[in-house]
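Curious how this folds, go ahead:
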Amino acid sequence: MRGFTSIASVIFAIYTLIFAVLWKRISVPKLPEDPSVFGLNFTQAYQDLYQIASRPHPYNSHANDEVRLYLLKRLREVTEGHAHIEIDDDQSSKATWVRGKEAISFEGLNILVKVKGTEEEFGEKEGVLFSAHFDSVSSGPGVTDDAISIVSLLAFLEYLTTHRVKRTAVFNFNNGEEDGLNGAHAFLEHPWSTIPHKLLNLEGAGAGGRPLLFRSTSLSPVRNYISPQPHGSIITADAFLRGVVRSGTDFTVYMNGQGMEGLDIAFYEGRAWYHTMHDSLRGAGGARESLWAMMRTVKDTGLAMLNEEAVEREGAQAVYFDVFGKWFVVSTQQAMLRFSVALMVLGPLVLWAIAKFVPREANAVPVRAMRRTQAGSTYKLWIPFWASFLLSLVAQALLVFAILKLNPYIVHSHPYTLLISTFSLVYLTTVGLLRTVHLGSDRKTLGLQLYVLTYLLNGAGTYTLHKFEIGGVFPFMTWHFCTFLGCAVGYLGKRGDEGTVVVRTSRIPESTEKAERKRKSLNAAEETPLLTMGKRKLVLERVQDGTPWWLIQALMSIPVPVTLLMQILLLFLAALGQTLSDGSSPVFIYAAAALLSAFIILPIVPFTSSIHRNVTMYALLAFILSTTFNLTTFPFNTDAPMKVFFQQRVQVLPQDGIRAITALTGVPYYLDKLVIPELPSTWGKNVSRELDKDRSRTWTCLWESDMLPSAGPDTALAGIGSNIPLTFNATSLSSSSALVRLSGVNTRSCRVYFDNRKVTQYDVYELSSSGSFIRSDRKVQSGYDIPAGGISALRLYSRSRKHEFVVNVRWEPEEQEERGLKGRVACEWSEYESATREMKWAELGGKIPAFEEMLESLPRWAVVTKLKDGLVEVWSDFEV
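Residues are numbered from 1 along each chain as shown. Prediction:
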């Protein structure tokens, strides 16, 4: 039993060490004692972070203007006296484009900085773009999204004032990202947009944590990625391309609109606090450490990009991943494909050659092979492994089904207890089952069967890589390679813990045969060295050898695949585990977690016989306790609150009447039964419910509200015409065109919705110097054209809050009874009293009492965020 105990101890130590190291590495690294030795002013950066993210500052707010002025002041302070740096307070770039069925017309308010490189051969080309957005959502101050990125770029720019680089750098401190990547589109219209060939985009999709290399365009920029704690995987890029991750970043605009190569680095942890008031200096856990991690990553990666000798243009697709947040592995899809094919062709041949030609000691056979021979044919030993594997999948499916039926949101707050359930269940249905029925004794046979399984998985992954260019299948290739090495070592080892024996036979005296059979029936045990066969006995003498082949096999086949798969599982749960209240599919999340758990446990199957049966009892106890907890515990808490999405919709009725509807979207049962009753404005009201069109698996509760918003001074809605902050006029120009004029009080954002037909052309008018409106010369950006079916909405943004939007819309004439155009006009507001309190311009801001009610009255385990761009939308019907 000593050999058996040694194997079990080693396996336990491997898993414990892997989990301990990963647990330590998922935390953000601590600040150094003196950050200034890295050439970065962390103290000033944190002060900048406080100034920028002290309150919500969406594009359509006065707080946004204040943040912009602060950034301009800081940029001028940093760059003053440096002739190689130029600032452009860009208030002229305008853009229009189409996304889906909506057209957008936007007037930019970006701040651009150009740092000239030292190498004349590059000049105004082959530069690098650094981009982040300084606007936040209306429902949160945006420390992680995206103030940390802004101050990191500001610190790096200050570094470049005294450290010259070869290539020209362009910094885009852009405004309007949260409303639809608008600032990036405006940059495409700026003359400096032709300078960069590479880009580094910084984003926040969580609240705190570590910055992640979220995605890349190709191999060349990935080779530039440098970080003190590298963190990234090609799997996240694949997930975005396949629609698993639905949110977008400015990276897409730069890549599609200007053909840039580059990297997209983003925060992703703490998703439950994303776009809420918790994304603050106090709420974003480890904000100082997160800031420092981003500052170091920007500096190191930025310098690598800016000092690169030559830009590679072959466009090879990269495969990359980190190991323990310490090493960063980079390869190409082509190299990975070639290696995988070679492994699948040569691997079986090598194993066959080892089994066929490596000499074995005369009369030496494994102990378990003796028992196997007595039990039946060799092929029957293959049945238990595959039966247990299929049973494991079925059991995991039943567990997922039970959680989905009884407590589908438990992963939101307790992902690690979920993993205890899945891990223990996999162990029970594979290792535990094989160990219990004594069919897992032959390490070589089980290793070979595991090799066949990984061969099939790698084959599927290789096809996926070749056909769809998905590099995220690298764990299957790695696991298959490690299993191959383990099998080879297993076959090379002549002696080991299984007890390689030498067989001797001797005849049993007739008089003692019956007594001997009786003795064996009473005392036979797993370690019994004497096996009786008829009237002869086999004496199995265990041969000792100092070569620990089992240890080599375990170290070859377990640590690497378990590490890679465990990293993917933890990344997966951190990124998507708290997105269920956003409308993500729970089936996908739980199924993926269960499958990854199975893959993490399977590498120990060849060593089944060496694990004590008491471990099976501990696994059973862990499964019972954790599963009971997962099925019965309330899934939300103050550390992982449920999101509810707010918007108030105010309809302007004929004869100056108004009708205010509050809409709250969220998880059906918890929203309807536990949240709505806590809101005083719903008491005694008829609350209707409808499925949300944009977020699957959520619904929206709507009720009429007496809590009316105000767009600013003297604009409180009270049903009086002079107080309505929305004016419009729609006139027919022809049978297939119309002119719509629209303005809102104290807002930069309005909309035109087309209800009865699609618009196929539109023109936005501008105010000329003479005071008349003229047709704008802006054209729809290339690659973002109007679809053949037309558009159903037009979103309009202006720099001024006193702007009248004038648009000419046209549609295809149709022979039908209903002629003309019907639709709605609307304007948006995002300011509310608690977000503007104690500011010098507070009296200019709006008030949204219904949103203040959410901040005050929601249960502590729930948190409010925005549903649309505007917290309030005032709208009215029109017809021409």
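
residue boundaries of the strands in the stretch 151-300 of the chain?
For the stretch 151-300 of the chain, the strands defined by DSSP state E, counting those that start in this stretch occupy 169-174, 196-204, 211-216, 261-267.

Let me fix that, I meant to ask about the stretch 401-550 of the chain.
For the stretch 401-550 of the chain, strands defined by DSSP E, counting those that start in this stretch occupy the ranges 500-507, 530-533, 536-542.

mean pLDDT for those: which is lowest?
With a mean of 43, strand 530-533 has the lowest mean pLDDT of the strands of the stretch 401-550 of the chain.

which residues of the stretch 551-700 of the chain score low on pLDDT?
Applying pLDDT under 70 to the stretch 551-700 of the chain flags the ranges 656.

Looking at the strands of the stretch 151-300 of the chain, which is nearest to Val431?
Of all the strands of the stretch 151-300 of the chain, strand 211-216 sits nearest to Val431, with 33.1 Å by Cβ to Cβ. Placement of C-beta: from N, CA and C, glycine included.

Using PDB, write down the CA coordinates of that closest one.
The C-alpha trace of strand 211-216 is given here as PDB (Å, rounded to 0.1, in the frame of the first residue of the first chain):
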ATOM      1  CA  PRO A 211      -6.800  43.800 -16.900                       C
ATOM      2  CA  LEU A 212      -7.200  41.100 -19.400                       C
ATOM      3  CA  LEU A 213      -5.900  40.800 -23.000                       C
ATOM      4  CA  PHE A 214      -9.400  40.500 -24.200                       C
ATOM      5  CA  ARG A 215      -8.700  40.100 -27.900                       C
ATOM      6  CA  SER A 216      -6.300  40.900 -30.700                       C
END
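
Next, the angle from it to strand 261-267.
Counting by axes from the mean of the first three to the mean of the last three Cα atoms, to 10 degrees, strand 211-216 points 140 degrees away from the direction of strand 261-267.

Now tell me what touches strand 211-216 from outside.
Outside strand 211-216, the residues that touch it by Cβ atoms under 8 Å, 6 or more residues apart in numbering are 202-203, 205, 222, 225, 227, 230-233, 236-237, 240, 249, 251, 262-268, 290, 293-294, 297, 318, 320, 571.

for stretch 52-60, same thing?
Counting by Cβ under 8 Å, 6+ apart, 63-64, 66-67, 70-71, 109, 134-143, 147, 150-151, 175-176, 178-179, 182, 280-281, 747-749, 797, 828-831, 835-836, 839, 869-870 sit against stretch 52-60.

Report the secondary structure element holding Leu393.
Assigned by DSSP states H and E, Leu393 belongs to helix 382-406.

Show me what that helix is packed up against.
Helices and strands touching helix 382-406, by 3 or more Cβ pairs under 8 Å, 6 or more residues apart in numbering; DSSP states H and E, are helix 415-427, helix 433-436, helix 443-468, helix 586-601, helix 613-632.

Highest mean neighbour count out of those helices?
helix 415-427 (a mean of 22; mean count of other Cβ atoms under 10 Å).

Check the gap between Trp841 and Leu855 for me.
21 Å (Cβ to Cβ, to the nearest Å).

scratch that, Leu580
Distance from Leu580 to Leu855, by Cβ to Cβ: 23 Å.

With neighbour numbers in mind, choose between these two.
A count of neighbours by other Cβ atoms under 10 Å puts Leu580 above the other of Leu580 and Leu855, at 24 against 15.

what residues are up against the more buried one?
408-409, 411-412, 586, 589, 667, 697.

Now the element after the helix or strand encompassing Thr700, going C-ward?
Assigned by DSSP H and E, Thr700 belongs to strand 699-704. Next in sequence after strand 699-704, counting helices and strands by DSSP H and E, comes strand 726-734.

Who are the packing partners of the following helix or strand past that next one?
Downstream of strand 726-734, the first helix or strand assigned by DSSP H and E is strand 737-744. Applying 3+ Cβ pairs under 8 Å, 6+ apart, one finds that strand 737-744 contacts strand 726-734, strand 749-754, strand 804-810, strand 822-829.

Show me what strand 737-744 is in contact with.
Outside strand 737-744, the residues touching it (Cβ under 8 Å, 6+ apart) are 711, 725-733, 750, 752, 796, 802-811, 820-821, 825, 827-829, 874, 878, 880.

Which strands border that strand, and is each parallel or antiparallel?
In the sheet, strand 737-744 lines up against strand 726-734 (antiparallel), strand 804-810 (antiparallel) (DSSP bridges).

can you tell which of these is closest to Lys326?
strand 804-810 (53.7 Å).

For that closest one, list every residue counted as buried.
The neighbour-count check on strand 804-810 (16 or more other Cβ atoms under 10 Å) flags 804-807, 809-810 as buried.

Max pairwise distance over those: which two?
Across those, the longest distance by Cβ to Cβ is 20.4 Å; it joins Glu804 and Arg810.

Spatially central residue in the chain, please.
The chain has Ala575 as the residue nearest its centroid, 4.1 Å off, counting by Cα atoms, centre = their mean.

got a list of what the nearest residue to that residue once chain neighbours are set aside touches?
Spatial nearest neighbour of Ala575, excluding adjacent residues (Cβ to Cβ, 6 or more residues apart in numbering): Tyr268 at 4.9 Å. For Tyr268, the contact set (Cβ under 8 Å, 6+ apart) comprises 205-206, 209, 212, 214, 574-575.

Return the set of residues that bridge with Val863.
Lys643.

burial count for it?
Neighbours of Val863 (other Cβ under 10 Å): 26.

That one and Gly666, how far apart?
Here the distance between Val863 and Gly666 works out to 10 Å (Cβ to Cβ).

who touches both of these two?
When contacts are counted by Cβ under 8 Å, 6+ apart, Val863 and Gly666 are jointly contacted by 642-644.

Distance to Ile403 and neighbour count added to those residues, as a markdown table?
Below are these laid out as a markdown table (distance: Cβ to Cβ, whole Å; neighbours: other Cβ atoms under 10 Å):
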| residue | distance to Ile403 | neighbour count |
| --- | --- | --- |
| Met642 | 17 | 25 |
| Lys643 | 20 | 26 |
| Val644 | 23 | 25 |
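
Thought Val345 was touching Gly459, still the case?
No: between Gly459 and Val345 there is no contact under Cβ atoms under 8 Å: 11.2 Å.
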